[in-house]
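Engineer: Okay, sequence plus prediction incoming.
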Amino acid sequence: AQSVTQLDSHVSVSEGTPVLLRCNYSSSYSPSLFWYVQHPNKGLQLLLKYTSAATLVKGINGFEAEFKKSETSFHLTKPSAHMSDAAEYFCVVITNTGGFKTIFGAGTRLFVKA
Amino acid sequence: SQTIHQWPATLVQPVGSPLSLECTVEGTSNPNLYWYRQAAGRGLQLLFYSVGIGQISSEVPQNLSASRPQDRQFILSSKKLLLSDSGFYLCAWSLDSSSGNTIYFGEGSWLTVV
């Protein structure tokens, strides 16, 4: 069975400091992994995705994520947080082996302090 | 470029009343279409997806139904709303069901059942 675990429901950082949002997944198949961001009362915007190419994936707004198969992790990072990064972040697994499935993590709320 | 629109953005409906949320995609043909629900403080749950006109797959048993009367139109409906139907509903699309394809989301519709 597939699952996605976002290890922190809330993360708080100061502006200008690094961001780490953690995601672990479980999948019997080779999944595609995504990070989306959701600002309040808005839809989800794609940050980046991993689809079995380079394990280090660069996305928009300075975010990147590294796929580590041995650790079944896909953590999202950013070297320096900006106030506009404050939002909810979702790690997502999509598979289409044995039926189409989209599995969302519960989300991590990122707070950025001035 | 492709765009996705869903409406209304906000809806307050009494228990037992009908529901119709509409979604259209522009700039692409034969997209896969999805309806998700996001309950407060939780991740997204896939409700329905469609790979073509008149083809609807339901992921969870519920009080809602979906229809796809045209290639780029997806409608979420209910004959009689329940309090538990309240939530944030997101329409989305992708090129096909391969796992590597990005899912693009609309801006969402807030439904409050009172």
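Structural biologist: Looks like it arrived, so ask away.
Engineer: does stretch A:104-114 come close to chain B?
Structural biologist: Yes: using C-beta under 8 Å from any C-beta of the partner chain, we find that stretch A:104-114 touches chain B at A:Phe104, A:Gly105, A:Ala106, A:Gly107. No exception for glycine: its C-beta is placed from N, CA and C like everyone else's.
Engineer: what's in contact with the helix or strand of chain A with the lowest mean pLDDT?
Structural biologist: Counting by mean pLDDT, DSSP states H and E, the weakest-scoring helix or strand in chain A turns out to be strand A:101-104, with a mean of 84. With C-beta atoms under 8 Å, 6 or more residues apart in numbering or on different chains as the test, strand A:101-104 has contacts from A:2-4, A:25, A:90-95, B:34, B:43-46, B:103.
Engineer: just checking, next helix/strand downstream of that strand?
Structural biologist: strand A:108-113 (DSSP states H and E).
Engineer: now that next one, how far from the chain's geometric center?
Structural biologist: 14 Å (C-alpha atoms, centre = their mean, to the nearest Å).
Engineer: Show me what counts as buried in that strand.
Structural biologist: Going by neighbour count (16 or more other C-beta atoms under 10 Å in any protein chain shown), the buried part of strand A:108-113 is A:Thr108, A:Arg109, A:Leu110, A:Val112.
Engineer: swap in stretch A:64-78?
Structural biologist: For stretch A:64-78, by 16+ other C-beta under 10 Å, it's A:Glu64, A:Ala65, A:Phe67, A:Ser73, A:Phe74, A:His75, A:Leu76, A:Lys78.
Engineer: quick check, nearest of those to A:Gln45?
Structural biologist: A:Leu76 (13.4 Å; C-beta to C-beta).
Engineer: What residues are bridge-paired with the closest one?
Structural biologist: A:Leu21, A:Ala65 (DSSP bridges).
Engineer: My guess is it contacts A:Pro18. True?
Structural biologist: No: A:Leu76 lies out of contact with A:Pro18 (C-beta atoms under 8 Å); the separation is 11.2 Å.
Engineer: Get me the contact residues on chain B for chain A.
Structural biologist: B:34, B:42-46, B:49, B:57, B:90, B:92, B:97-108, B:110.
Engineer: Filter those residues down to the ones in helices?
Structural biologist: With DSSP state H as the criterion, helices contain none of the residues of chain B next to chain A.
Engineer: those helices in chain A, which residues are they?
Structural biologist: Under the criterion DSSP H, helices are not mapped anywhere in chain A.
Engineer: Which residue ranges of chain A form strands?
Structural biologist: Ranges of strands in chain A, per DSSP state E, are A:3-6, A:10-14, A:19-21, A:23-26, A:32-38, A:44-50, A:56-58, A:64-68, A:73-78, A:87-95, A:101-104, A:108-113.
Engineer: From the contact counts, what lies against the first one?
Structural biologist: Going back to what we said before, that points to strand A:3-6. If contacts are counted by 3 or more C-beta pairs under 8 Å, 6 or more residues apart in numbering or on different chains; DSSP states H and E, strand A:3-6 sits against strand A:23-26, strand A:87-95, strand A:101-104.
Engineer: Please state the offset of stretch A:88-104 from the chain centre?
Structural biologist: Its chain's C-alpha centre and that of stretch A:88-104 lie 12 Å apart, by C-alpha atoms, centre = their mean.
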